[in-house]
Each structure stands twice: as structure tokens, then as C-alpha cells.
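In: this one's structure only:
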Ligand code: C5P
């Protein structure tokens, strides 16, 4: 194998949660730390790729040699991803919020004497499905699937319905979100690999190795 197996390739990675604003001081979010996505961006850069990392709000340092674009909401992330294409590979690791508050309130909502305010939600765009359907679809498109039950079966369905090449599925019912370790299933067409639990860095390095192999297979 070559020393810098992704040299000359543009790799796009999304990572972290999104923050969906309610008013100037409040938002909806999830427990994603961004660690797995950042580890993948770092591993791809170390393998010689030009890496664009579209990142939701996280407390992590930008990996060496990675071009980082910070975003807040899912809509911001969708716009940044569109701008970052084309790419040879896209790995969509971000835990994008499925819903946002339908109405953004321009001023901080005041506590009233009466009932608490109701939160009405609207659906966010599916960034991954959008990339899959676009004319800029990367040669290799990889999605993540955070599940708490029927992990592999749901991932298989998701791979097809979203039109992606690979799904990296993980069980997030334990302390995966925010933790340093991950245990994943790599779901491809007609093939599922179950990986042992390992650090998110090791998952990232092994994934990058497989990506490089896949790209050279097709070359
Ligand atoms: O459907 P689900 O959210 O489980 O799919 C997860 C995959 O889809 C992840 O790769 C995630 O980054 C991506 N996704 C997205 N935009 C959304 C929801 C999920 O890109 N609005």
C-alpha cells in the first residue's frame, strides 16, 4: 500500500450536532460530541486527502491539515455541504437534528404567569439524501446510523432508502455519544462487517484504509 493513499482526493466530512434555535438564547440539540467525525477527518488528512470538515458546535480542536467550516443549524450545514462539493468521498457523521422549532422568536421568550409556551417543530432537510440525489454525488458516499435497536437491520434499510454506498451503524443506547470508544457495523451492498469495540481514532483509521482500498479498486 502507498504511504499517502488518499493523496489528490477531496474528502468531505460532517461532524457534531446541530443547534436549532428557539430564540436568541435557547436551542434544541443532541448529545453528539463530534469525536468520531473529527477522528475521521484527521485520519483522512493523515492519509494525504484534502479534507473539508463541516462542523456543528463542538469543543474540539481542528485536526492538522483540515479545512474546517463551522455551522450552527441543519439548514446552515446543508448550505455549507452544498458549497463544499464536489468531493471524491463524503462521510456524513453529523448527528443532524431531525426537527427544528418551526418559528424562530426574535426576542427572548419571557416567562409568563400562565402556561409554558408550546414548541411546534418542522422537519429539517435530509442533507445526506440530498447529496445522494445531487448531480455532485461523490463517488463514494458514506452515512452513519445511530440506532438504539435493530441496529443492523435499520442500517440496511437506511443504506437503500438514502441512496448511499456504505452505512456505518452504531448502537448509541450505551455511552457511545460523547465517549471515546465505538463499536460499529459496516454495512455495504450484500456485505456486513461487525467490528470489535475500539477507540474512535482506530475506527477512523480502519475506515480510511477501507475507503482508500475502495477508491483504488475502481481506478
Ligand atoms: O436517518 P438518520 O438521521 O438516522 O440518518 C443518519 C445519517 O444521515 C447520518 O449520516 C447523518 O449525518 C445523515 N443525516 C443528514 N441530514 C439529516 C439527517 C441525517 O445528513 N437531516
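Out: Here it is on my side, so go on. Just so you know, these numbers come straight off a predicted model, no measurement behind them.

In: near the ligand, which residues of this protein? Just list them.
Out: The chain comes close to the ligand at residues 14, 74, 92, 94, 96, 124-128, 143-145, 158, as judged by C-beta under 6 Å from any ligand atom. For glycine as for every other residue, the C-beta is placed from the backbone atoms N, C-alpha and C.

In: inside strands: which ones of the residues you listed?
Out: In strands, judged by DSSP state E, the following of the residues of the chain next to the ligand are found: 14, 92, 143-145.

In: ok, back up a step: quick one: which of the residues of the chain next to the ligand is most hemmed in?
Out: Counting neighbours by other C-beta atoms under 10 Å, the top entry in the residues of the chain next to the ligand is residue 14, with 32 neighbours.

In: hang on, it packs against residue 74?
Out: No: at 10.3 Å, residue 14 and residue 74 do not qualify as touching, with contact defined as C-beta atoms under 8 Å.

In: so who does the residue nearest the centre of the chain touch?
Out: Against the mean C-alpha coordinate of the chain, by C-alpha atoms, centre = their mean, the closest residue is residue 93 at 1.8 Å. Residues near residue 93 by C-beta atoms under 8 Å, 6 or more residues apart in numbering: 13-15, 36-37, 40, 144.

In: let's see it at 10 Å
Out: By C-beta atoms under 10 Å, 6 or more residues apart in numbering, the residues touching residue 93 are 13-16, 32, 34-41, 53, 55, 142-144, 146, 168, 204.

In: one more: residue 11?
Out: When contacts are counted by C-beta under 10 Å, 6+ apart, residue 11 is found next to 40-41, 43-45, 47-53, 66, 87-91, 138, 140, 208, 211.
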